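**Student:** I need the structure of the sequence given here:
(chains A and B)
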Protein chains: 2
Amino acid sequence: MKVKYVYFFGGGKAEGNKELKNLLGGKGANLHEMTNLGIPVPPGFTISTQACIEYFKHNRFPEGLKDQVLENLKKLEEVSGKKLGDPSNPLLVSVRSGARISMPGMMDTVLNLGLNEQTVQGLAKLTDDERFAYDSFRRFIQMFGDVVMGVPKSAFEERLELYKKAVALRETFKELDLDKAVELAEELEDKAPEEIEEILRKHGLSGKGGEVAALLENAPKTVQDVDLSVEILKKLTGDFKEIFKKYTGREFPEDPYEQLWMAIEAVFKSWNNPRAIEYRKINRIPDDWGTAVNIQMMVFGNMGFDSATGVAFTRNPSTGEKKVYGEYLLNAQGEDVVAGIRTPKPLEELSKDMPEAYNQLIETFEKLEKHYRDMLDLEFTIEKGKVYLLQARVGKRTAKAAVKIAVDMVKEGMIDIEEALMRVDPKQVEQLLHPMIDPSYKANPIAKGLPASPGAASGKVVFDAEEAAQYAERGEKVILVRHETSPDDIKGMAKSKGILTSRGGMTSHAAVVARGMGKPCIVGAEDIIVDYDKEEFRVKDKVVKKGDVITIDGATGSVFLGEVPTVPPSFFSEFEELLKWADEIRWIGVRANADTPQDAQRARQFGAEGIGLARTEHMFFSGDRIYAMQEMILAETKEEREKALAKLLPMQREDFLGLFEAMDGFPVTIRTLDPPLHEFVPKTDDQIKELSERTGVPEEVIRSKAKALEEANPMLGHRGCRLGITYPEITEMQVRAIIEAACEAKKKGIKVFPEIMIPLVSNVNELKLQKEVVDRIAKKVMEEKGIEVEYTVGTMIELPRAAITADEIAEVAQFFSFGTNDLTQTTFGFSRDDVAKFLPKYLELKILKDDPFQVLDQRGVGELVKIGVQKGRSTRPDLKVGICGEHGGEPESVKFCHRIGLDYVSCSPFRVPVARLAAAHAVIEDKRKRQRSFRKS
Amino acid sequence: MKVKYVYFFGGGKAEGNKELKNLLGGKGANLHEMTNLGIPVPPGFTISTQACIEYFKHNRFPEGLKDQVLENLKKLEEVSGKKLGDPSNPLLVSVRSGARISMPGMMDTVLNLGLNEQTVQGLAKLTDDERFAYDSFRRFIQMFGDVVMGVPKSAFEERLELYKKAVALRETFKELDLDKAVELAEELEDKAPEEIEEILRKHGLSGKGGEVAALLENAPKTVQDVDLSVEILKKLTGDFKEIFKKYTGREFPEDPYEQLWMAIEAVFKSWNNPRAIEYRKINRIPDDWGTAVNIQMMVFGNMGFDSATGVAFTRNPSTGEKKVYGEYLLNAQGEDVVAGIRTPKPLEELSKDMPEAYNQLIETFEKLEKHYRDMLDLEFTIEKGKVYLLQARVGKRTAKAAVKIAVDMVKEGMIDIEEALMRVDPKQVEQLLHPMIDPSYKANPIAKGLPASPGAASGKVVFDAEEAAQYAERGEKVILVRHETSPDDIKGMAKSKGILTSRGGMTSHAAVVARGMGKPCIVGAEDIIVDYDKEEFRVKDKVVKKGDVITIDGATGSVFLGEVPTVPPSFFSEFEELLKWADEIRWIGVRANADTPQDAQRARQFGAEGIGLARTEHMFFSGDRIYAMQEMILAETKEEREKALAKLLPMQREDFLGLFEAMDGFPVTIRTLDPPLHEFVPKTDDQIKELSERTGVPEEVIRSKAKALEEANPMLGHRGCRLGITYPEITEMQVRAIIEAACEAKKKGIKVFPEIMIPLVSNVNELKLQKEVVDRIAKKVMEEKGIEVEYTVGTMIELPRAAITADEIAEVAQFFSFGTNDLTQTTFGFSRDDVAKFLPKYLELKILKDDPFQVLDQRGVGELVKIGVQKGRSTRPDLKVGICGEHGGEPESVKFCHRIGLDYVSCSPFRVPVARLAAAHAVIEDKRKRQRSFRKS
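**Tutor:** Here you go, the predicted structure:
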C-alpha cells in the first residue's frame, strides 16, 4: 500500500482537519481546519510528521514522497494560478516546520522560495516593484543560506552593514559612487580616527576622523533597510550568492525544485538541532514525534503601506480579559513581529490604518474562537488590503488568564464546567500563588516595561543566558537581562527567576517563552540601555552591574533596584469559583503540611481540609526552644532528660493549640520527633562555647557528645521512631503536649481530631511500642483533665519494609501517611542531599524522565505505595490513607494518588489549590477515559 | 474436660515418653523414656509445661493441679515404699525444672525436700548416719531458702565459714568449747593482728595475731565440709533456720507439703529469673514455652564411699571419638560435679573404685545410645553401690565431634545419610573453619588446661564478665579469665572471644556454655592463680595484668602470652565425606565471594563452584594501585582520567587472570567499581602531603577535591553504576581488563565464564547504558585478540526499586545477584555503620528477632527478593539468580534462598561449607515436611 505523506489545503477545502495534529503538526492541522471553515488562508500542502520520522530512519526521503510533493505542487499551481519557476508568473512559497505541539522559534523556516535570477524579474514586473522583488530575493538567499546550508547569518549581516555604511558615507561625500563608497567603507573598517583622516586624504576626501568613525559606527542603525536602493539590493543579491558559495563551496541553486527539496530536508533536520532538543528536554516532548513541513503560497505583508503583518490573541493572554489583543507592523514580513526587532503597534490602531481589513480580521477572530471554543493565538498578513490568516492555534496564556478565560467561557455558554477545569493546567496554577510585590511598598521603579508574565522575582543581574544557567546551578537567584532573547537562550531562561528585555513586545520570544514557563517577565523596557561588553545596564543616571540585585514585577512591568518585599497572593473571584467547582468534582481530600499556626491559617484559606503533616521538630528550632532541646540532648540520665523535656512541654502545647484552633473541625496529623539529634547540636566553636556557657556543660563534653551523635549515613540512622524507642520520654512529652492542647481546645468549643503519627516505622513492633506509650500517656492526661479526646494513632509509611509489611502494620496503625520523600530515597537508594552529583546526568541521558523527588516515580516508588495501600486495607479495610511527601502537591502525583484510592493528599499550603485542581482533573480524566473505552467497545 | 497436668513414671513404666518434650520438658520426657526402657531411674512425676504457662497467666496454680500432684505423690509413695513427712520412713524428693530445651544451670533446683525436725531423725535412724542426715538437712534449708525464698546464699555461707573458723580455732585452742569458739570467731572477724592478740588475751588465750589471722582466713579452705561434726551440723540447721526467719520474716516451713507447694511455685517462677531470660535471649528461645517440674525420689551419691555421682557422654563430645567419656566424684551430690568446685575423676577410674557399678553403667549407656541413636549426655548417681540414671539427653558437642559422630553412626548402620546431615548444625560448622594456632609456632605455652572447646582466640585479659561485655561493646577483643563461670556471666561470655578458667572440668559451666556458643575455651588450668582484687593472674613467675593480651588454643588447652600466629583450618576426612553427601543432596549452587586469586583458591578448596562476587575495588586498595586510583580521581579531564586508568588496566587484568585460573571451569562474577570515590582519597594531613608530593597536585586542590567528594549519606550517594554512568571510561577500562584476561586464560586452555555485574542499578536504563559500554568494549577487545569469549552481563539487585522493577531489568540483565547487604539497608532504612546506636535496644525489646544484617529478614527484605525473582523470571524465564550478601553463608538464609528458587548462594570462602550443608538441610527439611503433610492428608 502506498503511504500518503502529503495533504493538500486550498480552494475552500482541505484534506486534513484540526484533529490530525499528530500527523500534520499543530500548524498544519489548523491551516487545514481554517481552510475548511472558509477562512482566507494562502493555499498549500503539508508533508506529514510520518515522512519526517521515516526520513530519520533511513536518512533519506521515504519512497513516494517526491512524487506526492510534485502532484500537490501541481494542484497548488492550479489553485494559485502561478507556477514554480515561471518567470512570467512565479509561484513563491514558504517552507515551515510544524510539530505536534507548538515550539515557538525552535524550528527553521524558509520564505520566498522559488526566487532566482529569472523569477525575481518576473516578480518585479508583476508587482511593478523592482525594489520589493530584489529585497525579497536577498532575504531569500540569506535565509536559505542560513537555514538550509548553515552559512553564518553574521556573514550576510556584515555585508548588509557595509552597504549601510557606504550609504552613510555617500551622504557626507556626495562625490563617491556606490562601488567606491563600499570599497572605502571596507577600508575604514575598525580604524582609529587619525588613520581614517589619513585614508580619506589619500582618496582626496577631507573629514574629521572622529565624526566619520561615529558615522560609520551608527550607520547600521541610522540607515534603515528601506533606505537601500534597488541598485544596492541588486548588488547585495550578487554579494550574498558569493558569500553562499564561499561558505558552502557550491553555487546558489537557481533551480526552484532543487531549492524546494533542499528546504524540505532542512526542515526535517531542524527537528534535531540543539535548540530544538533543549526545548524538548525542558518541555518533556518525546524526541520521536518528528515535525511536519508546510509548503504554502507566499503572501506579502511588506508590499507597501497597504500591507501589514501581525499577531493577535482572541483574548488577553496575560489577564484573560475578553478583548482581542494584538500587534502589527505595516509593510513588514511576519518574522519581524515575532523576532521583536521593531516594536509593533497595538492592533486597535489598525482600525485607523486599514478599517476594512481590521473589521474583517475581528470578524474572522470571533468566528474562529467560536469554532475552536478557546482563546486563539493567530498570525495574519494583509497583502495590498487583502487579509490572510497564516496560523491559528490555541493561545498560551498566564495562569491568571487561563482561569479567567475558562470561567468566562462557562458563563458565555461556550464550554461546560468540566471542560473549564481541564483548561487550566494545575502546574500553572502555582504561579497564581507566587508572592507579589507588597502593594504598600513605596519605592519608585527605576524603569517600566511591558508586563509580559506576572509574578515578582528578585535576583542578581546576569546578561548572558549561559552564565545565568551557571549561576543558577550554583544555587544563586538570577534575573536574565537581554536586548531580546532568542531560542539559544532557552536553557538560561529556564534557570533564571525572571527575564527582563529592553526590546520586543508582548508576543516577542521572551514574552511567549516566559509565560509558558510561568516565570515573571518584563519586555520592551526601552529606558534600559544594555551594554553586553561592560556587563552592565544604564537607566537614566543609574548603572546596574552584573551581580547587582534587582526585582521585577511581571504583573505591572516595574523594575526595582535591590530586593523588594513581597506579600502572599490573594485569590481573585474566578479562581475561587473554579476551585469550588474542582472541590465539587474531586473525590480525594486535600490537606496541608503546616508546622505553625500561621501556616495552618494560610493553608485553610487556600482550602486545606486539615493538616496532613505537622513536623514537631520545626517548632524546636525557633528562638529559645533550641536551648531546651540541647539540654535534653546533653542530658546524661533519664531524669535530666525529663527535666529538659518539661521545659519544651508548654511550648509544644501552645503550638498544638494554635494548630487545632486554625483547623477547627478538621483533623490535624502531628508527627512525633523525626530528625537525628545531631541536627540540634551546635557545630561551630562559637556556638559550642555559647552553649557551654549557657548550660555549664564543659565544651569538651559537648564536643564529644556531638562526636558521638555523628553518623556515617544520618538519613538511615538514629532518627524517627528509633528515637522514640530509645528515649520513650520524648514521645511521652509530645503526646502529653498534644492531648493537653486538645483538651484545652475542646474546652474552648473547638472541634479537635488529633492524629498522632509515628515516623520511620520499618516493623510493626516499633509502632506497637510507641502506640503503647501514646495510649498510656493520653489516658493519663485525659483522666487528669477530665476530658475525653478522640484521637487516632498511625504511622508514616516511608520505608520499603513498611510498605511490604503494611498488612502487619495496619493491625496496629489506624491510618497511614506515605512519606514519599524518604520512600523515594530508600527505594532508589538516592540521598536527596547528594543526588545533584549524578541526577542532572541521569535526566540528560533520559535514564529518568523526571526528578523523582519532584514527580512521584509511579513505576517504582508508586508501586510500593500501591502495595502498601492494598496490604494495609487487607487487614484494616477502613484504613485512612494519605500522602504527605512533596509529591502531594505535584499534579501528576496527585492524580496517581487518586487512582490508587488514597483518601487524601497533603502538601505545602501554596500548593493546596494546585492539588484541589489536579484532584478534579483526575476524576474528569478517568471519566473521559472510561467513556472512550465504553464507546470503543 | 479436666486437663491432665501431671505424668507419673516409676515401677518400670511411665505415662510419657521422649516425644513429649514440649509437654514434659526435655529432662522429664527422657526420665519417662528411660523408665519405659527398664533403666533404673528413681521414680517420680512430672508437672507439665502447660501447668507453668497457666500459672503465669493467672499467677496461681491452675485448677486441679494440686489434686493431681497429691494423687501422684500417693503413687510415688507406693512405688518407693516411703511416705512424705513420715518420721519412720520419710520420702525425700528433688524438685527440678526442665524446659523443652536444656538450659544448663539456668533453672533452679531444690534437693532433699521433705526433711524437717522429725524426718531428719528418721533419716538418721534409717541410714544409721546422723551426720549424713543433718548435712542433708542443712543443705536443704540453704537451698530452699535461696531458691524458694530468695535468701542470699552468702548469708548461709558466711555462717558455715564461721563454724569452719571455729573448728580451726579449736584445733589451736583445744580448751574452747564449740559455742565459745563460734563466739570468738565472730569477735575476731576482720580484726587486725594486734587487735586479735588483745582479744585473745581478754579471753585468757595466747597466740600470735598474724598466725591466728592467717588461720582464720584460710579456715574455709583448710576445714572441709566433712570435718564438720554432727554437733556442728545440728547447730547449723538451727542457725540456718534463724537466718531463714531473719530474711523472710517467717518460720522455716516444717510441713513437707507446704515445702512442696512452695518449691513447685519457685521452679515455675525461675523460668522468668534474669539469668534464664538472658540465656533465652542469647539462644533465641521463646519466652512462652514455660518449664516443666520434675518431682523425683531422692537418691544419694553422698552416702559414703560406696556412693558416687557423675556425668558421662556416650562418645567424646569434643573429638567425637567412639568411647564413653565421663567424670565422677565419690561421696558427693550431683550438683558438686556440674558446679565445677571439686575436680572430678575420669570415669575409667570407677572401674577400679566400683567395678560392678561401672560395668552396669557402661551397659546402660550402650543400651541408651542404641535406643536414642545419638550420642547422649547422662547423669548418674550410685547410692550404696546401686546405680541410678538421673538424666539422659542428646549431648552437646563440638562441631568436630558432631561431624565425626554423624559420619561414624552412618557407618555403624545406626542412622542414614540424611539423618547424619541433619545431625550437624550448619551454624556450628563454621567453628571448624576458624583459624588454628600455627602448628609450626614454637613458643611454649605459659599454662595448660583442659581443651574444653576448640579454636584459637586472642584478646585482652579481663576478669569480670560485665567488664568483658563493656570492652567488647567498644570493639575490643577480650578473653574472659575466671576461677569458674556462673550463669550470671553468660552475657560477658557471649561477648568474649574466648574463656579461660582455673577450675572445673570438661562438663563445668564454662565448658558446656562455651561449646554451645562455639567459642574457644580452656577450663581447669590450675597453674593459673587468679586474683580478682589485683586484676591479674599469676602463673609461676609470670604476672598477667588486666589488658595484657593472651592467646588460648581450645583444641589443645594451651595458653600463650601475646598474640600468636594462626593458620587456616584443614578439613578432616569425616568432614569432607559429610560435605560430599551434602553436595549430592542439595539443589542450590554454592559460590564464594573472592577478590583475590588466593581467596579464590581457598574458596575452591572449600568446595565453591565459582565466584559469585569479585569486588574489583578491593584490588585498588593494595600497594601502589591506590596511587593510580588517586590520580584517576584527581584528573580534571576525561583524557587525564583515561591516562590514570591505563595504569590500572594491567593490574586488574592480572588479578582477573588469577581468578579465572583458580576457577577453571566455573563462572566468575566480576562487579564493576562500586564504592564512592572519596573512599580512595586520603583524609589525614600527612597522607594529603604525600599524595601532593607524589602527583604534583597542590595540597589545596586535593583538599578541595576531597571536600567536593564528601557526601551527606555516602551509602545513598554517587557510587555503584552511577560512577560508571558519569565516568564511562572506568567501566571501559574494567571491561577491557576482564575480556583481555579472559582471552589470555583461554589461550592457556582455561575454561572461562566471566559474568560482568553492574552494581546498584535502580532503573533498567542504567543497566542498558552500562551494557552498551560492556558489549562495545568486549567486541573491540575480542576483535583485537582474535578470540571469542562467552560472557554475560547482569546486575546486582540491591535496591528496592530494582526488585520492584525486576521485570524491566531482566529484559536487559542476563543474571541477577541479590546484594542483600545494601538491600537490607535500604529496605529497613538502616545504615549498617550507624545501626549500633539502636539495634541492641531493638533486639532487647524483641522489636527484631535477629540482626537483619546477619540473618536475612525474610518477611521484608526476603519478600523483595521473592518479588525480584518472580518478576525477573516473568520476562526472562531462564534468568540465573543468586545472592551475594553476607546472608549467602547464613544457614537460615541459605534455606530461604533454596525455597524461593535461587540458582546459587555466594558467601565468604570460610562459609562455603556452611552453605553447602545448609543447602542440603533445606532439601531434607522440605522433603520431610512434604512427607509429614502427605501422611496427614
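
**Student:** where does the stretch 101-250 of chain A have low pLDDT?
**Tutor:** Flagging of the stretch 101-250 of chain A using pLDDT under 70 yields the residue ranges A:104-107.

**Student:** thought residue A:873 was touching residue A:809?
**Tutor:** No - look at residue A:873 against residue A:809 with Cβ atoms under 8 Å: they stay out of range, at 11.8 Å. For the C-beta atoms, the positions are set from N, CA and C on the backbone; glycine is no exception.

**Student:** So for the two, which residue has more residues nearby?
**Tutor:** Taking neighbours as other Cβ atoms under 10 Å in any protein chain shown, residue A:873 and residue A:809 compare with residue A:809 leading, 30 against 17.

**Student:** okay but the more buried one is in contact with residue A:761, surely?
**Tutor:** Yes - using Cβ under 8 Å, residue A:809 is in contact with residue A:761, at 6.5 Å.

**Student:** hang on, residue A:609 packs against residue A:586?
**Tutor:** No - Residue A:609 is not in contact with residue A:586 according to Cβ under 8 Å; the separation is 10.8 Å.

**Student:** Pull out the buried residues from stretch A:414-425.
**Tutor:** A:414, A:415, A:417, A:418, A:420, A:421, A:422, A:423, A:424, A:425 (16 or more other Cβ atoms under 10 Å in any protein chain shown).

**Student:** same question, stretch A:189-209
**Tutor:** For stretch A:189-209, by 16+ other Cβ under 10 Å, it's A:191, A:196, A:197, A:199, A:200, A:205, A:207, A:209.

**Student:** dump the residue contacts of the second one.
**Tutor:** When contacts are counted by Cβ atoms under 8 Å, 6 or more residues apart in numbering or on different chains, residue A:196 is found next to A:188, A:207, A:209, A:212, A:213.

**Student:** tally of neighbours for the last one?
**Tutor:** Residues within reach of residue A:213, counting by other Cβ under 10 Å, total 19.

**Student:** That one contacts residue A:190, doesn't it?
**Tutor:** No - using Cβ under 8 Å, residue A:213 makes no contact with residue A:190, being 9.7 Å away.

**Student:** so how far is the host helix or strand of residue A:54 from its chain's centroid?
**Tutor:** Secondary structure from DSSP states H and E places residue A:54 in helix A:49-58. Relative to the chain's own centre, helix A:49-58 is displaced by 29 Å; criterion: Cα atoms, centre = their mean, to the nearest Å.

**Student:** Taking the stretch 351-500 of chain A, what residue is nearest to chain B?
**Tutor:** Going by Cβ to the nearest Cβ, chain B is nearest to residue A:474 of the stretch 351-500 of chain A, at 13.0 Å.

**Student:** List the residues that contact that residue.
**Tutor:** Taking Cβ under 8 Å, 6+ apart as the definition, residue A:474 has no contacts.

**Student:** buried ones in the host helix or strand of residue A:279?
**Tutor:** Element membership for residue A:279 (DSSP H and E) is helix A:274-283. Neighbour-count burial for helix A:274-283 flags A:275, A:276, A:278, A:279, A:280, A:281, A:282 (criterion: 16+ other Cβ under 10 Å).

**Student:** that older thread, now the helix or strand that comes right after the helix holding residue A:54 and helix A:49-58, what's the angle there?
**Tutor:** Next along the chain after helix A:49-58, taking DSSP H and E as the criterion, comes helix A:65-80. Angular relation of helix A:65-80 and helix A:49-58 on a 0 to 180 degree scale: 150 degrees, by axes from the mean of the first three to the mean of the last three Cα atoms, to 10 degrees.

**Student:** ok, then the element right after helix A:65-80?
**Tutor:** That would be, after helix A:65-80 and using DSSP H and E, strand A:93-99.

**Student:** Let me know the next secondary structure element after that following strand.
**Tutor:** Following strand A:93-99 in sequence, per DSSP H and E, is strand A:109-113.

**Student:** Contacts for that following strand, please.
**Tutor:** By Cβ under 8 Å, 6+ apart, strand A:109-113 touches A:92-97, A:136-137, A:139-140, A:143-144, A:147-148, A:256, A:259-260, A:263, A:266-267, A:298, A:333, A:335.

**Student:** Taking strand A:93-99 as reference, get the angle to it.
**Tutor:** Using the same axes, to 10 degrees: strand A:109-113 against strand A:93-99 is 160 degrees.

**Student:** now for the very next helix or strand once past strand A:109-113, which elements pack on it?
**Tutor:** For strand A:109-113, the succeeding helix or strand toward the C-terminus, using DSSP H and E, is helix A:117-127. Secondary-structure packing of helix A:117-127 (3 or more Cβ pairs under 8 Å, 6 or more residues apart in numbering or on different chains; DSSP states H and E): helix A:130-143.

**Student:** Restrict the helix it packs on to CA atoms and write it as CSV.
**Tutor:** What follows is helix A:130-143 as a C-alpha-only set of coordinates in CSV (Å, rounded to 0.1, in the frame of the first residue of the first chain):
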residue,chain,number,x,y,z
GLU,A,130,11.7,46.1,-8.5
ARG,A,131,12.9,47.1,-5.1
PHE,A,132,10.5,44.8,-3.4
ALA,A,133,11.4,41.9,-5.7
TYR,A,134,15.2,42.3,-5.0
ASP,A,135,14.6,42.8,-1.3
SER,A,136,12.7,39.6,-1.2
PHE,A,137,15.4,37.8,-3.2
ARG,A,138,18.3,38.9,-0.9
ARG,A,139,16.3,37.9,2.1
PHE,A,140,15.6,34.5,0.5
ILE,A,141,19.3,33.9,-0.3
GLN,A,142,20.2,34.8,3.3
MET,A,143,17.5,32.7,4.9
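
**Student:** who's in contact with the next helix or strand after it?
**Tutor:** Sequence-wise, the next helix or strand downstream of helix A:130-143 (DSSP H and E) is helix A:149. Helix A:149 is contacted from outside by A:244, A:247, A:248, A:262, using Cβ under 8 Å, 6+ apart.

**Student:** And for stretch A:750-758?
**Tutor:** Residues contacting stretch A:750-758 (Cβ under 8 Å, 6+ apart): A:610, A:613, A:656, A:660-661, A:664-672, A:721, A:724, A:735, A:738-739, A:742, A:745-746, A:766-767, A:770-771, A:774, A:789-796, A:814-815, A:817.

**Student:** List only buried entries from these.
**Tutor:** Buried among the contacts of stretch A:750-758 (16+ other Cβ under 10 Å): A:610, A:613, A:656, A:660-661, A:666-672, A:721, A:724, A:735, A:738-739, A:742, A:745-746, A:766-767, A:770-771, A:774, A:789, A:791-796, A:814-815, A:817.

**Student:** So which residues of the stretch 201-350 of chain A form strands?
**Tutor:** A:291-297, A:308-313, A:325-330, A:345-346 (DSSP state E, counting those that start in this stretch).
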